[in-house]
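Student: structure for this input, please:
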Amino acid sequence: MTERLVSRQDIADAVGCDKTTIRDRANAESWPYVPTMVRGGTEHRYLVSSLPADVRNLLLRESKPNKTKAYDTATESARTTAGRRRTILESWQTFAAETSGSAEERRTAFCDIWNATHTGDEAVSARTLRRWQQQYTDAGMDGLLPQYGTHNTRNQTIPEDVAATFRALYLDEGKLSVRACHALTQKAFRGTEREADFPAMDAFYRLVKRFDAEEVTLYRDGKDAWRNRCAPYIIREDAEIKPNDVWVGDHRRFDIKVRGANGKTVRPWVTAWFDWGSRTLVGWHVFEGEPCSETILIAFKRGVERHGVPHQIYIDNGKDYRSKAITGGRIEQDKEEGRYLSLASQLGIDVQFATPYNARAKIVERFFKTVKDGFDRLYRSFTGGTTVEKPERLENIQAEDCPTLAAFRQAFVGWVSEYHAQPHTGLDGQTPIQRFATLTNKRVAAAEHLRLCLLKTTQPRTLRRNGVEVLGTWFDAPELRGWFGKKVFVRYDPENMGTVEVYDEQDRFVCTATNRIALQHGADHQDLKAAIREQRARRKRVEEGRRAKEALALHVDPLEMLMEAGAKAMAETPEPPKTPVVSLIVSVQRTALLTRSSASFFFVTSDSPIAPT
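Tutor: Presented below is the predicted three-dimensional model:
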């Protein structure tokens, strides 16, 4: 890297005199020079380091402004560092002018002398000194800032209109990269005054780092992401929540294969009610099939019957939990406010819905993880929650290797009992049983009132000739004979579908209707749904079998064949003797009255006063 050569005119401009004065002084003081070819001949040019100190310092200060945009926007620490480096350069220039030898020898000698009295950050090497000198010559004080030259030093200050355009492109759910937004912004300002000195991409990377994190999350990832990551939420103190204050309801599908009712392997579900204050699983229902309002009601019924009525339930926004029968969710047919009370309102329970798609606030999710780690993984038929967790041995597991649903239910009861007897970190070392025992005011309801509240109530049903339909099954009773076509409500116990209770539109009891088959077999709502699915599957198999057979048959249209046979018979039958029309019609009438079975073969005209029967 060579030092800068300056002309007499450059020196004259820095000193503030004419070129002749500089020439005379250079000749008088014998300034070293380098003959340099220029247009029209040669001229004397001088190494900056060889000039007298007063001239050299003026040149250094005038070569670049002392303060530039980068220097102005730099931190106080960076500006201090740049000032210290310029002081070292000025000392070096003075030393170089007063000593002889090559530039490299003089730099080395200067560094040895300087470092003898300066250590740490103030020490400097010959190589670094040469680099600082070149950077200062090229960029002034900007060149002496820390990290100068490690990035593109093209204009790093982004004008407001450019920054606003980039921001609009970047803060979008399309999630364009910084590079793409930079290219589009640059195109947007093509042909304007911004094009010539457009900021470098590094400046936009730094701009993105200064964007507000909440703003980036909201506009690039969406409202749900902002709600889950950034939105403030209420921190509930567990110590303030007493047993039966809050029950949390949710579903979970076990990561285990069991043998279902039809002998095939299924992954069962559990609908659970979890007492927040004591970490007790107060009510649950393990089943195959999909969770619904019936499974919620069964689990809730078991919890209330054993542990009393909670003050509040905390549930998600699924349609099964929003069922009118449970939480009072409105149905379109119900136009009268408060006409049919929900389970929660009848029992005086406050209902709180969790933020949609946000499981963070639901303590039952942590319990489900405990179930997975402490119960699911004990089974050889454990499936894992993800493909990463899926054990290799699962490929060799057959249906007979899996537990039955009944055995699985019994095992889960045992595990829950063990869980309730273990000290819990969230209960200061108490067990869930011990904490629940601190309940001082157990809320209960009258037996009959509780029974009615825990029955599932349907939407309005119309009485038909088979009675009233619930879950695809007909229920009937002698008392319903005069109710054909009228609207009724039905209440039923999802665990006992042998009978249902029928009420009129004013919620007055009418009768108990029976399904004799379900009553004999003690079927529940899951059994009835399974029977309906089997009926549909069987009918589908019959229909598909018929279609397969019909595909082999010739196309036959019975009506078309009949018409062809009739036309042929008419063509082959001799024309009958002419008979008066009145006589013919009377004859046809008599025949029809005497022999009704043969009337369907008579042909009459469209204007005939009689028709075949």
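
Student: residue 21 touches residue 12, doesn't it?
Tutor: Yes. Contact criterion C-beta atoms under 8 Å: residue 21 and residue 12 qualify, at 7.0 Å. Every residue, glycine included, has its C-beta placed from N, CA and C.

Student: and the helices in the stretch 301-450 of the chain, which stretches?
Tutor: For the stretch 301-450 of the chain, applying DSSP state H, counting those that start in this stretch gives helices covering 324-327, 343-346, 363-374, 405-420, 432-436, 447-453.

Student: now, of these, which is deepest in the fold?
Tutor: When those are scored by mean count of other C-beta atoms under 10 Å, the highest mean neighbour count falls to helix 324-327 (a mean of 21).

Student: would you map out the domains in this protein?
Tutor: Taking automatic domain parsing as the reference, the chain has its domains at 160-229, 238-436, 455-528, 578-613.

Student: dump these to a markdown table, plus mean pLDDT and distance to residue 144.
Tutor: Shown next, in a markdown table, are the domains of the chain (pLDDT from 0 to 100; distance: least, C-beta to C-beta, whole Å):
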| stretch | mean pLDDT | distance to residue 144 |
| --- | --- | --- |
| domain 160-229 | 89 | 20 |
| domain 238-436 | 81 | 51 |
| domain 455-528 | 77 | 80 |
| domain 578-613 | 40 | 112 |
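
Student: let's have the ones you listed in CSV, adding distance to residue 97.
Tutor: What follows is the domains of the chain, written out as CSV (distance: least, C-beta to C-beta, whole Å):
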stretch, distance to residue 97
domain 160-229, 37
domain 238-436, 71
domain 455-528, 100
domain 578-613, 130
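
Student: mind checking which of those domains is nearest residue 53?
Tutor: Of all the domains of the chain, domain 160-229 sits nearest to residue 53, with 36.2 Å by C-beta to C-beta.

Student: and the closest one, end to end?
Tutor: Criterion C-alpha to C-alpha, to the nearest Å; first-to-last residue distance in domain 160-229 is 30 Å.

Student: ok, back up a step: nearest to residue 175 among the helices of the stretch 301-450 of the chain would be which one?
Tutor: That would be helix 363-374 among the helices of the stretch 301-450 of the chain, by C-beta to C-beta, at 28.7 Å.

Student: now do that closest one: everything it contacts.
Tutor: 248-250, 252, 254-255, 272, 274, 276, 279, 281, 359, 385, 415, 419 (C-beta atoms under 8 Å, 6 or more residues apart in numbering).

Student: how about a cut-off of 6 Å?
Tutor: For helix 363-374, the external contacting residues (C-beta atoms under 6 Å, 6 or more residues apart in numbering) are 248, 250, 252, 255, 274, 276, 359.

Student: quick one, phi/psi of the fifth one?
Tutor: Read it as residue 274. Torsion angles at residue 274 (phi, psi; degrees, to the nearest 10) stand at phi -120, psi 120.

Student: same thing with the third one?
Tutor: Its backbone dihedrals place residue 252 at phi -150, psi 140, with angles given as degrees, to the nearest 10.

Student: grab the nearest non-local neighbour of it.
Tutor: Closest residue to residue 252 in three dimensions, ignoring its sequence neighbours and counting by C-beta to C-beta, 6 or more residues apart in numbering: residue 368, at 4.7 Å.

Student: for residue 251, see how far away the one you found is.
Tutor: 9 Å (C-beta to C-beta, to the nearest Å).

Student: mind listing the shared neighbours of these two?
Tutor: Common neighbours of residue 368 and residue 251 (C-beta under 6 Å, 6+ apart) do not exist.

Student: sorry, back to before: quick one: which of the contacts of helix 363-374 is the most crowded by neighbours?
Tutor: Ranked by neighbour count (other C-beta atoms under 10 Å), these have residue 274 at the top, with 26 neighbours.

Student: how far away is that one from residue 363?
Tutor: Taken as C-beta to C-beta, the span from residue 274 to residue 363 is 7 Å.

Student: overlap in contacts of those two?
Tutor: With C-beta under 6 Å, 6+ apart, residue 274 and residue 363 have common neighbours residue 248.

Student: for residue 258, what are phi and psi?
Tutor: phi -130, psi 170.

Student: tally of neighbours for the residue lying closest to residue 403 once chain neighbours are set aside?
Tutor: Excluding the flanking residues, the one nearest residue 403 by C-beta to C-beta, 6+ apart is residue 258, at 5.3 Å. Residue 258: 23 surrounding residues under other C-beta under 10 Å.

Student: test my guess that residue 258 contacts residue 406.
Tutor: No. With contact defined as C-beta atoms under 6 Å, residue 258 does not count as touching residue 406 (9.2 Å).

Student: may I see the buried residues of stretch 379-391?
Tutor: 379, 381, 382, 383 (16 or more other C-beta atoms under 10 Å).

Student: whoops, I mixed them up, stretch 98-117
Tutor: The neighbour-count check on stretch 98-117 (16+ other C-beta under 10 Å) flags 103, 106, 107, 108, 110, 111, 114 as buried.

Student: wait, a strand at residue 499?
Tutor: Yes. Under DSSP: H, G, I helix; E, B strand; the rest coil, residue 499 falls within a strand.

Student: beta partners for it?
Tutor: Beta-bridge pairing for residue 499 (DSSP bridges): residue 514.

Student: wait, it touches residue 512, no?
Tutor: Yes. Counting by C-beta under 6 Å, residue 499 does reach residue 512; the two are 5.3 Å apart.

Student: comparing the two, which residue is more hemmed in?
Tutor: residue 499 (15 against 12).

Student: separation between the more buried one and residue 514?
Tutor: As judged by C-beta to C-beta, residue 499 and residue 514 stand 5 Å apart.

Student: for residue 510, the count of nearby residues, please.
Tutor: Counted with other C-beta under 10 Å, residue 510 comes out at 19.

Student: what of residue 445?
Tutor: The number of residues near residue 445, taken as other C-beta under 10 Å, comes to 17.

Student: check contacts around it.
Tutor: So residue 445 contacts nothing (C-beta under 6 Å, 6+ apart).

Student: got it, and the one 4 residues further on?
Tutor: Residues touching residue 449, when contacts are defined by C-beta under 6 Å, 6+ apart, are absent altogether.

Student: looking at the buried residues of stretch 379-391, which one is closest to residue 174?
Tutor: Nearest member of the buried residues of stretch 379-391 to residue 174, counting by C-beta to C-beta, is residue 383, at 37.2 Å.

Student: wait, isn't the closest one in contact with residue 258?
Tutor: No. Counting by C-beta under 6 Å, residue 383 stays clear of residue 258, with 10.8 Å between them.

Student: roughly how far apart are the nearest residue to residue 85 once chain neighbours are set aside and residue 49?
Tutor: Using C-beta to C-beta, 6+ apart and skipping residues adjacent in sequence, the residue nearest residue 85 is residue 144, 4.4 Å away. The gap separating residue 144 from residue 49 is 17 Å, by C-beta to C-beta.

Student: compare these two (neighbour count), which wins?
Tutor: More neighbours surround residue 144 than the other of residue 144 and residue 49, with 23 against 18 (other C-beta under 10 Å).

Student: ok, that one to residue 121 distance?
Tutor: In this view, residue 144 and residue 121 are 14 Å apart by C-beta to C-beta.

Student: next one: residue 428
Tutor: Distance from residue 428 to residue 121, by C-beta to C-beta: 54 Å.

Student: next one: residue 246
Tutor: Taken as C-beta to C-beta, the span from residue 246 to residue 121 is 61 Å.

Student: no further queries at this time; thank you.
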